[in-house]
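Undergrad: Structure of the sequence below:
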Amino acid sequence: MLLAAQLWAQARMRGRATAEANALDGDVILPAQAILEASEGNQVVIATTNVGHLSQFLDAREWRLIE
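TA: The predicted structure follows:
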């Protein structure tokens, strides 16, 4: 959750918020977990319909397009 909070703050500082001004949402919690997995040497792709928000943190793709 600490990493999620850091991602949330960084996205806001870049002007690319993932939620309303007072919200901390799953759009930073999911990438935080994925980043931790990637740091252990695992290949990570987030399968989503929300590529716009999630791709600012790591590889995120439309789930229907992943083979």
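Undergrad: so how far is Asn22 from Gln6?
TA: 18 Å (C-beta to C-beta, to the nearest Å). Placement of C-beta: from N, CA and C, glycine included.
Undergrad: Leaving out sequence neighbours, find the closest residue to the residue most central in space within the chain.
TA: Centroid-nearest residue in the chain: Pro31, 3.3 Å away (criterion: C-alpha atoms, centre = their mean). Closest residue to Pro31 apart from its sequence neighbours, by C-beta to C-beta, 6 or more residues apart in numbering: Phe57 at 3.7 Å.
Undergrad: The one you found: neighbouring residues, count only.
TA: 21 (other C-beta atoms under 10 Å).
Undergrad: where's it, which helix or strand?
TA: Counting by DSSP states H and E, no helix or strand carries Phe57.
Undergrad: Please apply the same query to Ala38.
TA: Judged by DSSP H and E, Ala38 forms part of helix 26-39.
Undergrad: List phi and psi for Thr48.
TA: phi -160, psi 170 (degrees, to the nearest 10).
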